[in-house]
Structures are given as C-alpha cells and as structure tokens.
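*Asks:* Structural data only, the sequence is not supplied:
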Ligand code: SF4
C-alpha cells in the first residue's frame, strides 16, 4: 500500500481500512459498517418509542379519505379538494375504495339501512384507520333525533375519533377537524380502531339491535 498523502486526500487507495480518531478509547468490536459502538446503541424501549413516533408522524401526514356522503353535510367536503382549501397540502387525498383508505368520513345522519353499508365499508378498511363524524346528526341525531329509522349516536356502532360539529360544518371546520385528528395520530392517541377490535362483541350487540336483517360477512378479526 502506498503511504497516505495528506496533499491527495481524495486518493482513497492509500487509506487504511479502519481509522480511529487519535486518543479515542477502544470499544467493543462491532460490524465494520456500523458507526455505533456497543455503548452507543439506544436501549430497546427508547428505540421502539422512537420508531413508533416516526411511524405515527408518517401516518398523520398521509391520510387517504373514504367519504360516505350519507347526509347533506357531504356537500361541504367537495370544496376541500379545490384550490381554495387545497387539502392535499396537508397530505390528505381521496381513496377509491375502503381497501385503500385509512380515514372514513361519515357525513351526516344514518338510516338503519345505511348503517349496515357503513359498517361493512369500515370493516373492509385496513388497520390502523380513523373515523371522522361530520355534523350534529352523527352526535345526537340532529334534526332527525325522533325519526323512526335513523340512529342517534354514531359512537354506539363504530368508534369515532373526531366529531366535527355544525349543521352543516364549513370546510374550515373540516380542516380544523383534520388538524385535531393529525395531532392525535402523532401523539398515538387516535386508537378507535383498536378499541373496536377489543370491544367487538359490544359493538356487534349494538349493531344487531338496529340491523335486523344481519347478513354481514365475518372478516375473521
Ligand atoms: S347535521 Fe345538518 S347538514 Fe349534516 S346531515 Fe344533519 S341535517 Fe344535514
């Protein structure tokens, strides 16, 4: 090997294969390609925490929305994708089917007949997934509170991560709702989908009380 020439630092053929800074302490042998010594490797729980934080950050920045326009509030969803409100600047885009979506928007009142389709769509979405309920009708039935065939509280049938109040909520309110959802996802607190899996029996009981012709497939939870 030729002698290392400081005037020709670009000539890598003269470099020794391993270099240690002068006066550095020897450490436990590691993989040659790894710059971390044994003492520098983060403890496992901290590493897991860091990975979870990064994953949640990515998830919150990539929301693929399945919009189920059940009520009049659905009309306020459309402007979100136009240049005035421009939801794509937040990483929010539409999804063509439940299989490609991770956010489910229920935009208004739900008849018992529609609830069945909504539950089926929700269960087809892959985990993790989040539900945004739009308008007063999803919270307490709204102006349909005493209707014979609409449900009143959506939370009894599927987990809702964010409610956006109003009749109907404006696009600005929708963006604020998405902002809440993104903050919750980043903090790891938007766990409605997990709650659904853990309490499936309770949700099923509630669902079957209003859906009398139950023939939904079992998605093998
Ligand atoms: S909350 Fe108001 S706008 Fe939304 S579905 Fe109900 S009645 Fe319509």
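*Replies:* Received it, and whenever you're ready, just let me know what you need. Bear in mind that the values here come from a model prediction, so they are computed numbers and not experimental data.
*Asks:* Angles on the backbone of residue 91, please.
*Replies:* phi 80, psi 20 (degrees, to the nearest 10).
*Asks:* got the contact list for it?
*Replies:* Residue 91 is in contact with 60, 61, 62, 63, counting by Cβ atoms under 8 Å, 6 or more residues apart in numbering. Every C-beta, even on glycine, is put in place using the N, C-alpha and C of the backbone.
*Asks:* Kindly state the neighbouring-residue count (a burial measure) for the third one.
*Replies:* Read it as residue 62. For residue 62, the count of nearby residues is 12 (other Cβ atoms under 10 Å).
*Asks:* ok, it to residue 56 distance?
*Replies:* According to Cβ to Cβ, to the nearest Å, residue 62 stands 11 Å off from residue 56.
*Asks:* Equivalent analysis for the last one, please.
*Replies:* Here residue 63 is placed at a distance of 12 Å from residue 56 (Cβ to Cβ).
*Asks:* Run through the bridge partners of the nearest residue in space to residue 180 that is not next to it in sequence.
*Replies:* Nearest non-adjacent residue to residue 180, counting by Cβ to Cβ, 6 or more residues apart in numbering: residue 162, 5.3 Å away. Beta bridges link residue 162 to residue 132, judged by DSSP bridges.
*Asks:* Residue 162 reaches residue 182, doesn't it?
*Replies:* No - with contact defined as Cβ atoms under 8 Å, residue 162 does not count as touching residue 182 (9.8 Å).
*Asks:* Contacts only, for the residue lying closest to residue 152 once chain neighbours are set aside.
*Replies:* Closest residue in space to residue 152, ignoring its immediate chain neighbours: residue 141 at 3.7 Å, by Cβ to Cβ, 6+ apart. Neighbouring residues of residue 141 by Cβ under 8 Å, 6+ apart: 109, 147, 150, 151, 152, 153.
*Asks:* residue boundaries of the helices in this structure?
*Replies:* Applying DSSP state H to the chain gives helices spanning 44-60, 112-124, 136-140, 171-187, 192-198, 200-210.
*Asks:* nearest to the ligand, of the ones you listed?
*Replies:* helix 136-140 (3.3 Å; Cβ to the nearest ligand atom).
*Asks:* number of nearby residues for residue 52?
*Replies:* 11.
*Asks:* Next, give phi and psi for the closest residue to it other than its chain neighbours.
*Replies:* Nearest residue to residue 52 in three dimensions, chain neighbours excluded: residue 188, at 6.4 Å (Cβ to Cβ, 6+ apart). With angles defined as degrees, to the nearest 10, residue 188 sits at phi 80, psi 20.
*Asks:* do the same with residue 71
*Replies:* The phi/psi pair for residue 71 (degrees, to the nearest 10) is phi -130, psi -170.
*Asks:* How about the contacts made by the closest residue to it other than its chain neighbours?
*Replies:* Ranked by Cβ to Cβ, 6+ apart and with sequence neighbours excluded, the top spatial neighbour of residue 71 is residue 108, at 1.7 Å. Contacts for residue 108 (Cβ under 8 Å, 6+ apart) come out as 69, 70, 71, 72, 73, 74, 134, 135, 137, 138, 142, 168.
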